[in-house]
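Enquirer: Okay, structure incoming, though there's no sequence with it:
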């Protein structure tokens, strides 16, 4: 070893750590969606309605958690951090990267994420009321609406799925587009961090207490809906 080479421990200390971008709860929620959406499609197409209903309630709980986490989670999970106004979106499209946050979603990606979340929430909400009792395939809140309205809701539920599939296709196309430009969006969503960059700080520790409370509220709502949303006395 050369006398001028620094000790191994000193070299490790000189290497700055990766920057934390996405918290574990957000990543777990994110990766649940590409598992649940195809499973929900398959169960509907193959008339596995009991399983379809259970998976839909799981999706409802995850979406409610994600909405709560958008207000109480770490910086990059919060809607206030990545949902920007039209000026910021246009500036980003013109190539002004300072229009978006240093870490997390870009202004365009933020709106794409929000639209997809709201579309999935609309889809699962329609599914709660959809179905035909004579087919044995009804959502847990189907009894709260009349047969004619339930038929309309069912048609919307089936149609909206393909709109969501289109949004997912755009989401995947954007990931491929950025990957071709050398901007890896997948690895940070898997590992939660990006390589160190000058002037970029991480999101800090995950607020686990708030995370547990948000999970409890989301699971409680999904369970309440599963029982037909009985009156709370």
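Expert: Yes, it's here. Everything numeric in this text was worked out from a predicted model, so none of it was measured.
Enquirer: in the chain, which spans are helices?
Expert: Along the chain, counting by DSSP state H, helices occupy 8-14, 24-45, 49-72, 79-82, 86-93, 107-129, 147-180, 186-191, 208-226.
Enquirer: Relative to residue 136, which of the ones you listed is closest?
Expert: The closest of the helices of the chain to residue 136 is helix 49-72. By Cβ to Cβ, the value is 6.8 Å. The way it works is simple: take the backbone N, C-alpha and C, and place the C-beta from them, glycine included.
Enquirer: Run the angle between that closest one and helix 147-180 for me.
Expert: If you take axes from the mean of the first three to the mean of the last three Cα atoms, to 10 degrees, helix 49-72 sits at 60 degrees to helix 147-180.
Enquirer: returning to that earlier point: please render the helices of the chain as CSV that adds mean neighbour count, distance to residue 138 and mean pLDDT to the earlier fields.
Expert: Supplementary listing: these in CSV, determined by neighbours: other Cβ atoms under 10 Å; distance: least, Cβ to Cβ, whole Å; pLDDT from 0 to 100:
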stretch, mean neighbour count, distance to residue 138, mean pLDDT
helix 8-14, 9, 60, 54
helix 24-45, 16, 13, 97
helix 49-72, 20, 8, 97
helix 79-82, 17, 33, 94
helix 86-93, 15, 41, 90
helix 107-129, 19, 9, 96
helix 147-180, 14, 8, 95
helix 186-191, 14, 36, 94
helix 208-226, 16, 13, 98
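Enquirer: can I get the ones you listed in CSV with distance to residue 137?
Expert: What follows is the helices of the chain, written out as CSV (distance: least, Cβ to Cβ, whole Å):
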stretch, distance to residue 137
helix 8-14, 59
helix 24-45, 9
helix 49-72, 4
helix 79-82, 34
helix 86-93, 41
helix 107-129, 10
helix 147-180, 9
helix 186-191, 34
helix 208-226, 16
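Enquirer: right, and the ones you listed - which one's nearest residue 198?
Expert: Set against residue 198 and scored by Cβ to Cβ, these come closest in helix 8-14, at 14.9 Å.
Enquirer: measure the residue nearest the centre of the chain to residue 113 for me?
Expert: Central residue check for the chain by Cα atoms, centre = their mean: the C-alpha nearest the mean position is that of residue 30, 4.3 Å away. Noted for residue 30: a distance of 9 Å to residue 113, by Cβ to Cβ, to the nearest Å.
Enquirer: How much space separates the closest residue to residue 214 other than its chain neighbours from residue 158?
Expert: With Cβ to Cβ, 6 or more residues apart in numbering as the measure, residue 68 is the residue that lies nearest to residue 214, at 4.2 Å, once sequence neighbours are left out. The gap separating residue 68 from residue 158 is 29 Å, by Cβ to Cβ.
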